[in-house]
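Peer 1: quick one: sequence plus predicted model below, questions after.
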Amino acid sequence: MSVLAAIRPVVDEGESLTMVELYIDEELGGQCVGVCLAFSENILFVYAEGTDDSICVSEDFPVSLSDGCVRKVSASAEWTSAIGHPILWAWAMINNQGRLDGLQIEFGVVGHPSITLQIVVRASTLVLRML
C-alpha cells in the first residue's frame with residue numbers, strides 16, 4: 001500500500017490525532033527510527049525501509065521496530081501540539097533519485113492556524129521537523 005493510501009482513511013474519516021510516540025534506536029546513538037501516530041480509530045506507524053531508505057506507513061507494527069535496541073519514548077511538545085486535530089493534508093516527498101523519502105502532514109481545522117509535521121528519511125533513520 002502506498003504512503004498516501006495508508007493515510008487516506010484517517011483523512012476521510014476526519015479522525016483526530018490522540019497520541020504520538022517515537023521509536024529510538026540505542027545502537028544508532030538514540031536516533032529516531034519510527035513514529036507511531038494514533039488516531040481515534042486507527043494507528044499508523046511511519047518508519048524507514050532499510051534497503052533503499054524510503055519512507056513507509058503501515059497499520060501493522062513493523063518488524064524492524066521490534067529489535068531489542070529500539071525503545072519507545074514520548075514525542076516532543078512540538079509534535080504533541082498536533083494532538084486533538086485531524087489531518088488536513090498529507091504530502092509524499094520524492095528525492096532527486098526518485099525515492100519516496102519524506103512525508104509532510106498538516107493538522108488542524110480549515111480557517112485556523114495549522115500544525116505541519118515533516119518526517120524525512122536520512123541514512124535509515126527519521127528526521128522530524130515541525131514547520
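Peer 2: Perfect, I can see it now. Numbers count the residues shown, from 1 in each chain.

Peer 1: that's a strand at Ile83, yeah?
Peer 2: No: according to DSSP: H, G, I helix; E, B strand; the rest coil, Ile83 belongs to no strand; its state is coil.

Peer 1: tell me the SS of Trp91?
Peer 2: strand.

Peer 1: now it: how far from Gln118?
Peer 2: Separation of Trp91 from Gln118 (Cβ to Cβ, to the nearest Å) stands at 9 Å. Any C-beta I mention is one placed from the backbone N, CA and C, and that applies to glycine too.

Peer 1: any common contacting residues for the two?
Peer 2: Common neighbours of Trp91 and Gln118, counting by Cβ atoms under 8 Å, 6 or more residues apart in numbering, are 103-105.

Peer 1: need the buried ones from those selected in ChimeraX.
Peer 2: Listed next is the ChimeraX selection for buried residues among these, using 16 or more other Cβ atoms under 10 Å:
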select :103,104,105
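
Peer 1: compare Trp91 and Gln118 (neighbour count), which wins?
Peer 2: Gln118 (16 against 13; other Cβ atoms under 10 Å).

Peer 1: mean confidence score for the host helix or strand of that one?
Peer 2: Secondary structure assigned from DSSP states H and E places Gln118 in strand 115-122. For strand 115-122, mean pLDDT is 96.

Peer 1: listing partners with orientation, what would you give for the next helix or strand after it?
Peer 2: Per DSSP H and E, the first helix or strand lying C-terminal to strand 115-122 is strand 125-130. Note on strand 125-130: by DSSP bridges, its sheet partners are strand 115-122 (antiparallel).

Peer 1: report the distance from the strand it pairs with to the chain centre.
Peer 2: Distance, stretch centre to chain centre, for strand 115-122: 7 Å (Cα atoms, centre = their mean, to the nearest Å).

Peer 1: what's it in contact with?
Peer 2: Residues from elsewhere that reach strand 115-122 (Cβ under 8 Å, 6+ apart): 35, 46, 48, 53-55, 79, 81-82, 85, 93, 101-108, 126-131.

Peer 1: follow-up on the earlier one: now, among the shared contacts of Trp91 and Gln118, which is nearest to Val11?
Peer 2: Set against Val11, the nearest of the shared contacts of Trp91 and Gln118 by Cβ to Cβ is Ile105 (9.4 Å).

Peer 1: many thanks, have a good one.
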